[in-house]
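**Student:** Output the structure for:
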Amino acid sequence: MTGSGRPTSRDVARLAGVSHTAVSFVFNGRAAGNLSPATQERIRQAAAQPGYRPDPVARGLRRSRTAVIGLVTDEIASSPFAGRLLRGAMGTAWAGEHLVLTVDSGGDPAKEDAAVAELLDRRVDGIIYAAMSLRSVRVPEGLHRTHSVLANCLPEDGSLPAVIPAERAGGRSAARLLPEQGHRRLAIVGGNDDIASVERLRGFRDALRAEGITVPRDWVVRTGGEISGGHEAPRACSTARRPRPGPPGSSPTTTGSPGVLHAATRLGIAVPGDLSVVGYDDQEHMAAHLAPPPTTVALPHRATGEAATRLLLDSIGTAGHRPQPCGAWPVP
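**Tutor:** Sure, this is the predicted structure:
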C-alpha cells in the first residue's frame, strides 16, 4: 500500500507477481492477446484483495474520455415525468460504464447555454438535452461541439438526432379501445395545437377511419391538458352520452381527463355506464388513484431516456467522429 492509503496498480502488480504494464492491460481492456487467461484472473484476484479500483481521471486522460455524460433539461425538477426519463438515462449509462451529470435550467435559455458550457469545461463525453413536453426547441449554444442527442423534443434547425415518443401510434392505440367496447359516438378532448396533440389526433382518426367511424369537427375539443381544461368540455360529454347504458368504459388518467369526469358528474352522466373515457400520459400513475378502474395510454418516458442514452453512447464509441445531422427515433 502507498502512503495515501489507496491501493495502486503497482500494489496489485506486486501482489500478483506481474509487471505494472500487465495490470494496466487488464484494466484498460487490452489484455486479450497480450496476457493468458490465467494471468488475467490472477491480476483480478490480486486487485480484489486490497480493493483496488482504476483511477477514473487517469484512465480518462489516456482514453481522451471521462466516462461522464451530461443531461440538461428544461424543467426536470418540476416535471412528474422527468424522474422516469432520468432513471432510464442513468441506468443505461451505468450499464455502459458512464455516470450522468444532470443540470436543470428551469426553462431559462441563458441557463441552458451556461449549463452546456460548464459541462463542456468538465470534458463530458457527450450531452443529452431533454424537454418536459414534446416540442421544437432552440438548440442550446455549444451543444454542437460534442456528441449530443435530444430526448422528448425536436431541434428547430433539424441539426441533431432526437428520440421522441410515437405519439401517432399512441393515438391509434387509444382510439381502438373504444370501438372494441362497442362505442360508435366518440369525442376527443384535451391538448392544444402542439406536436403531441396533433400527432395523437392523427392516430385517433387513423384508427376510427379503419372502423368506418367519423368524428364530427365540433367533437374535437381543444382545452389544454390541465384538469381545469377538462372542466371546459361538458358539451363534449353531453353529446357523447348514450341513450342507454353502454358497455363498461374506462376512467381517465391524464391531468385533463379528471376534469371531464367531474363535468360528466355535474351533467348526470354515469361513467362507465353512459360514457367511457380513455386517458393519455398516465401522469404520476394517476390512474391508480381513480375509480372506476381506468384505462390509459402511458408515455414511454423511461424508454425515451434509455434510447437517447444508447444513441449517445453509440455515437461516443464511433472513432471520435462527430455524429451527422439525422432524424428522430420514435419510441413506441
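
**Student:** how about the strands in the stretch 51-200 of the chain?
**Tutor:** Using DSSP state E, counting those that start in this stretch, the strands of the stretch 51-200 of the chain run over 68-73, 99-104, 126-130, 136-137, 147-151, 154-155, 162-165, 188-189.

**Student:** Does the first one pack against any helices or strands, and if so which?
**Tutor:** So the one you mean is strand 68-73. For strand 68-73, the packing partners by 3 or more CB pairs under 8 Å, 6 or more residues apart in numbering; DSSP states H and E come out as helix 82-95, strand 99-104, helix 109-121, strand 126-130, helix 301-316. Using the backbone N, CA and C atoms, a C-beta is placed for each residue, glycine as well.

**Student:** tell me the most buried of these?
**Tutor:** strand 126-130 (a mean of 26; mean count of other CB atoms under 10 Å).

**Student:** partners of it, with directions?
**Tutor:** strand 68-73 (parallel), strand 147-151 (parallel) (DSSP bridges).

**Student:** Residues touching that strand, excluding its own?
**Tutor:** By CB atoms under 8 Å, 6 or more residues apart in numbering, the residues outside strand 126-130 that reach it are 69-74, 76, 82, 85, 89, 112, 116, 119, 137, 139-140, 143, 146-153, 305, 308-309, 312-313, 315-316.

**Student:** ok now it, how far from the chain's centre?
**Tutor:** Strand 126-130 has its C-alpha centroid displaced from the chain centroid by 11 Å (CA atoms, centre = their mean, to the nearest Å).

**Student:** Extract the CA atoms of that strand and return them as PDB.
**Tutor:** Taking C-alpha atoms only, strand 126-130 is exported to PDB below (Å, rounded to 0.1, in the frame of the first residue of the first chain):
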ATOM      1  CA  GLY A 126     -21.500  13.800 -24.600                       C
ATOM      2  CA  ILE A 127     -24.700  15.600 -23.700                       C
ATOM      3  CA  ILE A 128     -28.400  14.800 -23.800                       C
ATOM      4  CA  TYR A 129     -30.900  17.700 -23.900                       C
ATOM      5  CA  ALA A 130     -34.300  16.700 -22.600                       C
END
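
**Student:** How is this protein divided into domains?
**Tutor:** Following automatic domain parsing, one gets these domains for the chain: 9-54, 63-160+302-331, 167-298.

**Student:** hmm, back to that, now the helices and strands packed on strand 68-73 as JSON lines including mean pLDDT and distance to Val277?
**Tutor:** Below are the helices and strands packed on strand 68-73 laid out as JSON lines (pLDDT from 0 to 100; distance: least, CB to CB, whole Å):
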{"stretch": "helix 82-95", "mean pLDDT": "88", "distance to Val277": "24"}
{"stretch": "strand 99-104", "mean pLDDT": "91", "distance to Val277": "33"}
{"stretch": "helix 109-121", "mean pLDDT": "93", "distance to Val277": "37"}
{"stretch": "strand 126-130", "mean pLDDT": "96", "distance to Val277": "30"}
{"stretch": "helix 301-316", "mean pLDDT": "94", "distance to Val277": "22"}
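
**Student:** which one of those lies closest to Tyr280?
**Tutor:** Nearest of the helices and strands packed on strand 68-73 to Tyr280, taken as CB to CB: helix 301-316 at 13.1 Å.

**Student:** quick one on the thing from earlier: reformat the strands of the stretch 51-200 of the chain into a markdown table and put distance to Asn28 next to each item.
**Tutor:** Formatted as a markdown table, the strands of the stretch 51-200 of the chain follow (distance: least, CB to CB, whole Å):
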| stretch | distance to Asn28 |
| --- | --- |
| strand 68-73 | 18 |
| strand 99-104 | 19 |
| strand 126-130 | 21 |
| strand 136-137 | 38 |
| strand 147-151 | 22 |
| strand 154-155 | 36 |
| strand 162-165 | 31 |
| strand 188-189 | 57 |
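
**Student:** do you know which of the ones you listed lies nearest Ala174?
**Tutor:** Shortest distance between Ala174 and the strands of the stretch 51-200 of the chain, using CB to CB, is found for strand 188-189: 8.9 Å.

**Student:** Parallel or antiparallel, list what pairs with the closest one.
**Tutor:** Strand 188-189 has its sheet partners listed here by DSSP bridges as strand 220-221 (parallel).

**Student:** Might you list the low-confidence residue ranges for this structure?
**Tutor:** The model of the chain has pLDDT under 70 over residues 1-6, 29, 51-64, 76-81, 223-259, 283-294, 318-332.

**Student:** Tell me which stretches of it form helices.
**Tutor:** Taking DSSP state H to define them, one finds helices in the chain at 9-16, 20-27, 37-48, 56-63, 82-95, 109-121, 167-180, 195-210, 227-231, 234-239, 257-266, 301-316.

**Student:** now those helices as CSV including distance to Arg217?
**Tutor:** Below are the helices of the chain laid out as CSV (distance: least, CB to CB, whole Å):
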stretch, distance to Arg217
helix 9-16, 71
helix 20-27, 65
helix 37-48, 68
helix 56-63, 58
helix 82-95, 35
helix 109-121, 37
helix 167-180, 16
helix 195-210, 11
helix 227-231, 19
helix 234-239, 12
helix 257-266, 19
helix 301-316, 32
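
**Student:** Out of these, which is closest to Val220?
**Tutor:** helix 195-210 (6.8 Å).
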